[in-house]
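Engineer: Starting from these lines, generate the structure:
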Amino acid sequence: MKPGMRNLITDIRGLRVGNAEDKTLKSGSTVLLGDKPFTAAVSVMGGAPGTRDTDMLAPDKLVAEVDALVLSGGSAFGLDAASGVVDALRAQGRGFVVGEAVIPLVPAAILFDLLNGGEKAWRKNPYHGLGMRAFGALDEDFMLGSVGAGCGATTGTLKGGLGSASVVLDSGHTVGALVAVNAFGAVTHESGHFWAAPWEVSGEFGGLGPAPMGDPLALPSHAKMQGFSEKANTTIAIVATDAVLDKAQATRMATVAHDGMARSILPSHTPVDGDLVFAVATGEIPLDDAVVEPLMIGHAAALCLSRAIARGVYEAQAAAGDTLPTWQQKYG
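Structural biologist: Here you go, the predicted model:
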């Protein structure tokens, strides 16, 4: 398995990522933008999702392409980050044209980070501004860990974070993942070994190797105490490729990518997680085989998502007032 040059989702040509966070708030937002509109789809497998404009991504809906995707902290408040991105795109004249109207299409998903020790007593919703700031920070290179939507993320046992990874396939297609890890479950064994370790490349999250086997029904002790309140967790992700895929094929890619979440978070897709995966296809490289290549792209998306989840937690940085330790503090 060969990562792209950056080992980021932006190894897919034409994609950029922007992050903005407020360290006092302990929250933030992340934007994925293409140089041009892209095919997008979504698969939701968690029991407590929070989304905006995802219905239009279904294969039978009119919209063929969207302008950007947003991942954000802030629970329902965080959906306003997409409004900031919509305003920024409209100012550039980008969007779906209906007569004289230009309407940017920006689906979004949120995670719950309202109980992570940050200052949440705002008078005005800060997420519109965070969305605009993230848009202003768009670049091919970006940081991982406690940035953007991963700024205040947590898992069952450790601080969470923003992760990314990529892979280049023999077919010439590139696949990447971007994820904000805020799971009810744990991403490591109690020894600190990541569940995603079998798919690690070049020590990208510590190189400790596979975790020792334990009781698969034993929840992490912190997760037992965390509470089962609705919408209190959620891992939200984007997987992307430069292949030419239609919305149905992109939907299959998003669905298969959930395998990567299940391999790297124990447990995942719970009733109290809103686990969601967007899929993006930029349409730069045609398919030579309409069956085998989409199969391999979906498989690669799942592997990239597993690696990105581990990288997000591995790269998390400690901050004053944290409710959980980082991986580096506990095992580094």
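Engineer: Quickly find the element holding residue 259.
Structural biologist: Mapping residue 259 onto the secondary structure by DSSP states H and E places it in helix 247-264.
Engineer: Now the element after that helix, going C-ward?
Structural biologist: Next along the chain after helix 247-264, taking DSSP H and E as the criterion, comes strand 276-285.
Engineer: now could you export just the CA positions of that next one as PDB?
Structural biologist: Listed next in PDB are the C-alpha coordinates belonging to strand 276-285 (Å, rounded to 0.1, in the frame of the first residue of the first chain):
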ATOM      1  CA  LEU A 276     -21.500   9.200   8.900                       C
ATOM      2  CA  VAL A 277     -19.300   9.000   5.800                       C
ATOM      3  CA  PHE A 278     -19.500  11.300   2.800                       C
ATOM      4  CA  ALA A 279     -18.000  10.100  -0.500                       C
ATOM      5  CA  VAL A 280     -16.500  12.400  -3.100                       C
ATOM      6  CA  ALA A 281     -15.500  11.600  -6.700                       C
ATOM      7  CA  THR A 282     -13.700  14.400  -8.600                       C
ATOM      8  CA  GLY A 283     -14.000  12.600 -12.000                       C
ATOM      9  CA  GLU A 284     -10.500  13.100 -13.200                       C
ATOM     10  CA  ILE A 285      -9.600   9.400 -14.100                       C
END
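Engineer: Tell me who's in contact with residue 32.
Structural biologist: Listed by Cβ atoms under 8 Å, 6 or more residues apart in numbering, the contact set of residue 32 reads 9, 15, 16, 17, 68, 69, 70, 71, 178, 238, 240, 280. From N, CA and C alone the C-beta is placed, and that goes for glycine too.
Engineer: With the flanking residues excluded, which residue is spatially nearest to it?
Structural biologist: What sits nearest to residue 32 in space, not counting adjacent residues and going by Cβ to Cβ, 6 or more residues apart in numbering, is residue 69, at 4.7 Å.
Engineer: Can you report how many residues neighbour that neighbour?
Structural biologist: The tally of other residues near residue 69 (other Cβ atoms under 10 Å) stands at 29.
Engineer: Centre of the chain to the one helix or strand residue 304 maps to, how far?
Structural biologist: When secondary structure is defined using DSSP H and E, the element that contains residue 304 is helix 292-314. Between the mean C-alpha location of helix 292-314 and the chain-wide mean there is a distance of 12 Å, by Cα atoms, centre = their mean, to the nearest Å.
Engineer: List the contacts of stretch 85-98.
Structural biologist: Among residues not part of stretch 85-98, those counted as contacts by Cβ under 8 Å, 6+ apart are 31, 63, 67-68, 70, 102-106, 128, 131-132, 134-136.
Engineer: just to revisit the earlier point, output the helix holding residue 304 as CSV, nothing but the C-alphas.
Structural biologist: Taking Å, rounded to 0.1, in the frame of the first residue of the first chain, the C-alpha atoms of helix 292-314 are listed here in CSV:
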residue,chain,number,x,y,z
VAL,A,292,-13.2,-4.4,-10.2
GLU,A,293,-12.0,-0.8,-10.0
PRO,A,294,-15.0,0.5,-7.9
LEU,A,295,-14.5,-2.5,-5.7
MET,A,296,-10.9,-1.7,-5.1
ILE,A,297,-11.6,2.0,-4.6
GLY,A,298,-14.2,1.1,-1.9
HIS,A,299,-11.7,-1.2,-0.2
ALA,A,300,-9.0,1.4,-0.3
ALA,A,301,-11.4,4.0,1.1
ALA,A,302,-12.1,1.7,4.1
LEU,A,303,-8.4,1.2,4.7
CYS,A,304,-7.7,4.9,4.4
LEU,A,305,-10.4,5.7,6.9
SER,A,306,-9.0,3.3,9.5
ARG,A,307,-5.6,4.8,9.1
ALA,A,308,-7.0,8.4,9.3
ILE,A,309,-8.9,7.6,12.5
ALA,A,310,-5.8,6.4,14.2
ARG,A,311,-3.8,9.3,12.9
GLY,A,312,-6.3,11.8,14.2
VAL,A,313,-6.0,10.5,17.7
TYR,A,314,-2.3,9.9,17.5
